[in-house]
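Asks: model the structure of this input:
(one chain, ligands or ions: 4)
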Amino acid sequence: MSNKLRLALLAAAAAFAAGGAALAYDIIRDNGRIVKWPAGTVTYQLKLGSTRTLQDGTNFNSSFTAAMNSWNAVIARVQLAGTVAAEGVGGRNNGISEVFFAPNIYGESFGESTVAITSSFRSGEVQADGSYPRTQSDIIFNSNRSWDSYRGPRLSQSSLDFRRVAIHELGHSLGLDHPDEAGQSVSAIMNSRVSDVDALRPDDIDGAQFLYGSAGTIVRPPNNDFAGATAITLLGNAATVTGSSVNANKEAGEPNHAPSEPGGASIWWRWTANASGSISATTAGSNFDTLLASYTGSSVSTLTQLAANDDVVAPADDPSPTRPRTSRISFNVTSGTTYYLAVDGWEGEWGSVQLNVTFSPTPVVVAPVITAQPQSQTVTAGSTVTFSVTAAGSPTPTYQWFRGTTSITNGTAASYTIISAQAADAGDYTVRVTNSGGSVTSDAATLTVNAAPTPPPTPTPTPAPSGGGGGGGAPSLWALAALVAASALRAWQRQRG
Ligand SMILES: [Ca+2]
Ligand SMILES: [Ca+2]
Ligand SMILES: [Ca+2]
Ligand SMILES: [Zn+2]
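Replies: Ligands and ions are numbered 1, 2, ... in the order given. Here you go, the predicted structure:
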């Protein structure tokens, strides 16, 4: 909402830069002097009309009154008031401050980009504080434009939000100029162009209070400053903390909490990691358009930024005005280090903050340790044999069994079973237990396989069975057992003889 036509006595607006780096507002000056209303009530005649109901339920006169009240809430020596008058166009320098729609500025063109203008007059009597007194302000809204009244992001150029333009023009009437045209990059409703900013920003308030004093002591949030960051305690591995950023501001030297977003109303938390891992943090549940960033460091002007985010859903992914504008970050943490989290508001917005923090510890790696060794066993041929090992470790270990030096296919569990042990299975068994932390091999467990018990001897010696058509290979196991029985019988016969 540019005020391209700076009428007569407001022609000389100079850049203003006083005091600390946080000041960015611009004050209208004339002949080098501040121009402002004398202490008291400033009354405007409201000639906007009350008949049309706007999107937010107001009409133009009541929407303008709300705009006046947003300034009244923050300044002391002057208050703005309205008296509703007949709808119509006001008169230039007629001694009455008037607010109205008109297709031109007392006959002069609005120009292409101007949606409203504030035309002001002053007296030449220099006041005790060195300022000129403002005597009259007319605020003229371009009736060639399409107007409505609503909160939030601007809907379109063809549906201008009357309220934010009224707040802006009242700022001119109070004596504020455009900070962005004075070389500042601060977020402010006093910037020269209509934007998504729909309410006073901290910089606007600072400027108005410079001129008219504060409506009261501003109570900043307890965690407004980096040095006052509130400690977060995790329950388990998560925490949800709440706070208010109302009346928060930005410290000198404070970084931006999202790329290219200056913010302006930050509050701080801190958390000390007692283990390494990663943090995921969101502002879901907050009631305004947040910015969120994490840092390490010991002073606000020397911080190292770890992560920063404006919107969970970027405009490129969802251009709709209702996309979520809370923020989400994640970053790695090291045990023993203190981390700082700043929640700020886009363009200095503020409100109720909810900060949700989730900690994911890095898994601890413990190399495997065998707590119970496999045991040697002596069995009879044909028995079922199970070797077992018990091992601890993280991550959960894997197993590989060996007979001698040969790894056993399928021997990959904590126990290994031989269904029917035979002499050929005899030997030394070991198991190697492995995880990402290392591996350990068990003691050897020896398997001894004895021959199966012989059947009771019979009175008639039984000749050893032949291979019986089984070919010329080694005797079958049954045949081997029979041979053993036969030789035992012969020994017995020798003893008798
Ligand atoms: Ca007038
Ligand atoms: Ca702050
Ligand atoms: Ca955001
Ligand atoms: Zn302007």
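
Asks: which SS class is L160?
Replies: Following DSSP: H, G, I helix; E, B strand; the rest coil, L160 is assigned to strand.

Asks: one more: the one 3 residues further on?
Replies: Recorded secondary structure, R163: helix (three-state DSSP).

Asks: what pLDDT is listed against it?
Replies: R163 is assigned 96 on the pLDDT scale.

Asks: need the three-state assignment for the residue of the stretch 151-300 of the chain at minimum distance from ligand 1.
Replies: The stretch 151-300 of the chain approaches ligand 1 most closely through S173 (11.6 Å), counting by C-beta to the ion. For glycine as for every other residue, the C-beta is placed from the backbone atoms N, C-alpha and C. Classification of S173 by three-state DSSP places it in helix.

Asks: run a quick neighbour tally on it.
Replies: 25 (other C-beta atoms under 10 Å).

Asks: give me every residue that touches it.
Replies: 42, 97, 118, 120, 134, 137, 139 (C-beta atoms under 8 Å, 6 or more residues apart in numbering).

Asks: now do the phi/psi pair for the first one.
Replies: Translated: V42. phi -100, psi 120 (degrees, to the nearest 10).

Asks: do the same with P255
Replies: Main-chain torsions, P255, degrees, to the nearest 10: phi -70, psi 170.

Asks: what lies in contact with whichever helix or strand V433 is part of?
Replies: Assigned by DSSP states H and E, V433 falls within strand 427-435. Contact with strand 427-435 is made by 365-368, 370, 374, 387, 389, 391, 393-404, 411, 416, 439-447, as judged by C-beta under 8 Å, 6+ apart.

Asks: again, only using 7 Å
Replies: Residues from elsewhere that reach strand 427-435 (C-beta atoms under 7 Å, 6 or more residues apart in numbering): 367-368, 370, 374, 387, 389, 391, 393, 395-404, 439-442, 444-447.

Asks: show me which of those are buried.
Replies: 367-368, 370, 374, 387, 389, 391, 393, 397-403, 440, 442, 445, 447 (16 or more other C-beta atoms under 10 Å).

Asks: how many other residues sit next to Q209?
Replies: Other residues close to Q209 by other C-beta under 10 Å number 17.

Asks: endpoint to endpoint, stretch 317-327 covers what distance?
Replies: 14 Å (C-alpha to C-alpha, to the nearest Å).

Asks: that's a strand at L306, yeah?
Replies: Yes: assigned with three-state DSSP, L306 falls within a strand.

Asks: is it correct that it is in contact with S294?
Replies: Yes: using C-beta atoms under 7 Å, L306 is in contact with S294, at 4.5 Å.

Asks: for stretch 206-214, give me every contacting residue.
Replies: Identification of contacts with stretch 206-214 by C-beta under 7 Å, 6+ apart yields 23, 25, 27, 36, 71, 74-78, 174-176, 190.

Asks: show me how far that stretch is from its chain's centre.
Replies: Offset of stretch 206-214 from its chain centre (C-alpha atoms, centre = their mean, to the nearest Å): 34 Å.

Asks: what comes up buried for that stretch?
Replies: Neighbour count says stretch 206-214 has 206-212 buried, by 16+ other C-beta under 10 Å.

Asks: rewinding a little: out of the buried ones among the contacts of strand 427-435, which are close to ligand 2?
Replies: Among the buried ones among the contacts of strand 427-435, proximity to ligand 2 is found for none (C-beta under 5 Å from the ion).

Asks: from N356, how far out is the residue lying closest to E181 once chain neighbours are set aside?
Replies: Leaving aside its chain neighbours, E181 sits nearest to S192 (5.3 Å; criterion: C-beta to C-beta, 6 or more residues apart in numbering). Taking C-beta to C-beta, to the nearest Å as the measure, S192 falls 37 Å from N356.
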